[in-house]
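> The sequence and its predicted three-dimensional model are supplied below.
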Amino acid sequence: MTRSPFRRLLFGSLRRLLYLWVRSETINQSAFSLKLDRSKPLFYVLQLPSLSDLAVVDTECRKAGLPRPVLPVALGEVLEPAAFFYLTPEPDWLGRQDRRGISPTLQRLVGALAQHAVDDAQIVPVSVFWGQSPDRETSAWKLLFADSWAVTGRLRRLASILILGRKTRVQFSTPIQLRELVAQDKGHERTLRMVQRILRVHFRQQKAAVIGPDVSHRRNLVKGLVHGPQVRQAIIEHAEREQITLHKAEAMALRYGNEIASDYTYTAIRFLELLLSWFWNKIYDGIRVNHIEGVQEVAQGHEVIYVPCHRSHIDYLLLSYLLFKNGLTPPHIAAGINLNMPIIGALLRRGGAFFMRRTFKGNPLYSAVFNEYLHILFSKGFPVEYFVEGGRSRTGRMLQPKTGMLAITLHSFLRSHRLPVVFVPVYIGYERVLEGRTYLGELRGAGKKKESIFDLFRVIGALKQRFGQVWVNFGEPIKLAEFLDREQPDWRRQDYHGQFRPDWLNQTSHRLGQRVAQHLNEAAAINPVNLVALALLSTSKLALDEHALARLLDLYLALLRRVPYSPHTSLPEGDGQALIEYVQGMDLLAEQRDALGKILYLDEHNAVLMTYYRNNVLHIFALPALLTSFFQSSARISRAQILRYTRALYPYLQAELFLRWDLEQLDALVDQWLAAFIEQGLLGFEAEVYVRPLPSSRQFVLLTLLSRTIAQTLQRFYMATALLLDAGQQAISAEELEDLCSVMAQRLSILHGLNAPEFFDKSLFRHFIQTLQSQGVLRQDEAGKLSHHPLLGELAEGAAKRVLPAEIRLSIRQVAMDRSEDLAEPV
């Protein structure tokens, strides 16, 4: 290009035209100048062919008084036409580019030193960065065009010059003394390859230092998927099953790989960080993060799998944002294929999302490709994130874990555990969830809408309310190897290569899911909205005097400080009155004033919505509420009786709410709570018996309100048991019982004004029936009919008399008996 006066003239014209707009500067020039020996020939090397880069380097050399790269330089008696070369040679006249080729200038330079035509020469690697460094850029628009690891086309380079050209930076690196390399006497070809290797490593490290590491592995990863042994076998079987060629089956596997794989790019992560920084400050009042130090410690040397609870579409964006802000690598995120939409899907994919179909059934080839993709991510140490609940919780409760991804993770770890795997539970608690309006419709009985990222834009477009803060708590990590040592002590002695899946994999995955859910609930963030919802929904009219509400909130806070749920649980700051004022500021409380003060209540709109926020922390209060419920029908109870009924009911509460304690820990925990109740005046202790306060006292009112926290859960348990007992032995199937329970719950919610949509949620009844079976209380015959333990009726009635009001208990029995009589009547 610079070998003739005409081409030099063209280059000079291009440089002047370029600098009508471009403004450039040199980074670290003083350090470079100190190491430069001007007595030796100097050559500049750029990584890729680029006239615009060369023009910028030439301009900076002129400004600094350095030898210009476009001018000739003497090598002994030979005159090189230009003092620069590209590490990747320029394309030939047909436009073909040999990325493995060696620059002719470099070949002549090494040859001259080998023949002692010149004593020494210096090679100076030069990097040009268009736009400010992405880790410092604050404009989301400019960041889209900043330098990245992706291959840059001419159109994108032109856009970068136009948008970012006024902040162009040039970095001259420490000169490489070529004589030191030639003196190793490895021969001409090996010396050339050694120089190229040194330069390649240098440019890669230099680029990583400025724009971040190359995490865009998609190009090679997708092609490598089809070479995995399990995928190869699946390709062969697919070709035989569909009667197509292996080439077509392999092409199908590649399409699946491209559909699944993320396209993780650093600039997209930075773009999302800037966008989300604006979002959190615009929509929310901030993010409160707890216990992230444990994650920063465990992330070193582990394959980290983040398993957050799923409450909102923004959960995965929030977690990636927080990890990036705290110096941790954002994870690759499992996202539903429904989010792979134009523009949005591409941005999410570049932010680390990989997409999965809702079901793999009937498509073993897709299953094999997906499993292999995850196995590669795990094996290479990329952090991964997925939701064990599967979908978003519409009720605010922790959903029963879906174990598919856990089973894939377990199987991958068994195949190859080069890196120890650790699960990091992440609890995300919103004081007001963005999709609240959508959830409100579903809680009132509307059909579930198809998940769509555009739900967020509809919400954001109608923002007229305060959303409060977001609380993010990192829970206790679960190390997979230690978990397997407890569950399957001999797991290390088996061979898991190939497609072998041990018989115990599914059951162990289920127990792992339960453990993850428990750890998520342990990390619950209790916020002001949770506590106010819990308090007001425990009243019959959803209303309390302001002072009474403040006292109840103070009681909750005192109890939780006295008996913390777990070390990873967090509490709000301030007293009960401060919490009330905070929630009022979010327009979630209505008030009515009279001469005696203020009455705070939940209007019809917020009453249903607040059940969502109560359910976030229902598990925290389940055990203390159960203990106080024993005193609603009995004034005096011994410790032995309390423990007996607690042990009878606890397994069902634990299964539904993922409570953290085993039965062996229960007695000591009950004693702690009873001691806390005595300290707060909720109970007395006389003659080895626990005594409740007088019914006319303020303490009895507080005791009663606390007991009502868990009342609806206990009512559902009793409903299912009553229907089962009235149906008789081997007269009803689990599915029929589940349907009847839901119908009865809807009827009772109307009769008794129960304003909690999850009260008649079929999935809760289904899980209770399954727990009865796992506890050995129910058995299922070959026809699917249920039979129950002979003592079930006695135990159920005894417990119900202790924990349920007579009115509710009799109403449930009456509905159950009416149904039995209807069935007995002849048609």
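Structure received. Numbering: from 1, shown residues only.

> Thought F354 was touching A334, still the case?
Yes. Here A334 reaches F354: they are 6.3 Å apart, a contact under C-beta atoms under 8 Å. C-beta: built from backbone N, CA, C; applies to glycine.

> quick one: which of the two has more around it?
A direct count of neighbours by other C-beta atoms under 10 Å for A334 and F354 places F354 higher, at 24 against 20.

> what's the pLDDT at the more buried one?
Note on F354: pLDDT of 93.

> Same question for S787.
S787 carries a pLDDT value of 92.

> Name the strands paired with the host helix or strand of it and say parallel or antiparallel.
Following DSSP states H and E, the helix or strand that holds S787 is strand 786-788. The strands beside strand 786-788 in its sheet (DSSP bridges) come out as strand 778-780 (antiparallel).

> What lies in contact with the strand it pairs with?
Strand 778-780 has contacts (C-beta atoms under 8 Å, 6 or more residues apart in numbering) with L724, S733, A734, I769, L772, Q773, L786, S787, H788, H789.

> Check the model's average confidence along that strand for me.
Averaging pLDDT along strand 778-780 gives 92.

> What residues of it count as buried?
L778 (16 or more other C-beta atoms under 10 Å).

> so where do the helices sit in the stretch 251-400 of the chain?
Secondary structure of the stretch 251-400 of the chain, counting by DSSP state H, counting those that start in this stretch: helices at 266-283, 292-298, 315-325, 344-350, 364-379.

> Mean pLDDT for those helices - can I get that in TSV?
TSV is the format used below for the helices of the stretch 251-400 of the chain (pLDDT from 0 to 100):
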stretch	mean pLDDT
helix 266-283	76
helix 292-298	89
helix 315-325	87
helix 344-350	82
helix 364-379	92
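
> Can you say which of those helices is nearest to S638?
Of all the helices of the stretch 251-400 of the chain, it is helix 292-298 that lies closest to S638, at 41.7 Å by C-beta to C-beta.

> Other residues contacting the closest one?
Residues from elsewhere that reach helix 292-298, judged by C-beta under 8 Å, 6+ apart: V304, L322, L323, N326, G327, L328, V422, V424, F474, E476, P477.

> Domain-wise, how is the chain divided?
5-211, 283-331+383-522, 526-616, 620-827 (automatic domain parsing).

> wait, which of those is closest to Q230?
Across the domains of the chain, Q230 has its closest neighbour in domain 283-331+383-522 (5.7 Å, C-beta to C-beta).

> tell me how far that closest one is from the chain's mean position?
Centroid separation between domain 283-331+383-522 and its chain, computed with C-alpha atoms, centre = their mean, to the nearest Å, is 5 Å.

> give the contact list for D554.
By C-beta under 8 Å, 6+ apart, the contact set of D554 is D575, G576.

> and the gap between it and A622?
Distance, D554 to A622, using C-beta to C-beta, to the nearest Å: 21 Å.

> Quick check: A800 touching R809?
Yes. Assessed by C-beta under 8 Å, A800 is found in contact with R809 at 5.4 Å.

> what is in contact with these two at once?
Joint contacts of A800 and R809 (C-beta under 8 Å, 6+ apart) are Y718.

> ok, these two, which is more surrounded?
Counted by other C-beta under 10 Å, A800 and R809 do not tie: A800 has more neighbours, with 21 against 18.

> got the angle for the longest helix seen in the chain vs helix 266-283?
Counting residues, the longest helix found in the chain (DSSP state H) is helix 188-211. Interaxial angle, helix 188-211 versus helix 266-283 (axes from the mean of the first three to the mean of the last three C-alpha atoms, to 10 degrees): 0 degrees.

> quick one: average pLDDT of helix 188-211?
pLDDT averaged over helix 188-211 gives 79.

> Check which helices and strands that helix is in contact with.
When contacts are defined as 3 or more C-beta pairs under 8 Å, 6 or more residues apart in numbering; DSSP states H and E, helix 188-211 packs onto helix 104-114, strand 122-130, strand 176-177, helix 178-182.

> residues touching L54, list them.
L54 sits in contact with F11, L46, P69, V70, F84, where contact means C-beta under 8 Å, 6+ apart.

> Got the confidence number for it?
For L54, pLDDT reads 90.

> Could I get the CA-only coordinates of whichever helix or strand it is part of as PDB?
Using DSSP H and E, L54 sits in helix 51-64. The C-alpha coordinates for helix 51-64 follow below in PDB (Å, rounded to 0.1, in the frame of the first residue of the first chain):
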ATOM      1  CA  LEU A  51      -6.200   1.100   7.000                       C
ATOM      2  CA  SER A  52      -8.100   3.100   9.600                       C
ATOM      3  CA  ASP A  53      -6.000   1.600  12.400                       C
ATOM      4  CA  LEU A  54      -2.800   2.200  10.500                       C
ATOM      5  CA  ALA A  55      -3.800   5.900   9.800                       C
ATOM      6  CA  VAL A  56      -4.400   6.400  13.500                       C
ATOM      7  CA  VAL A  57      -1.000   4.800  14.500                       C
ATOM      8  CA  ASP A  58       0.700   6.900  11.800                       C
ATOM      9  CA  THR A  59      -0.900  10.100  13.200                       C
ATOM     10  CA  GLU A  60       0.100   9.300  16.800                       C
ATOM     11  CA  CYS A  61       3.700   8.500  15.700                       C
ATOM     12  CA  ARG A  62       3.900  11.900  14.000                       C
ATOM     13  CA  LYS A  63       2.600  13.600  17.200                       C
ATOM     14  CA  ALA A  64       5.100  11.800  19.400                       C
END
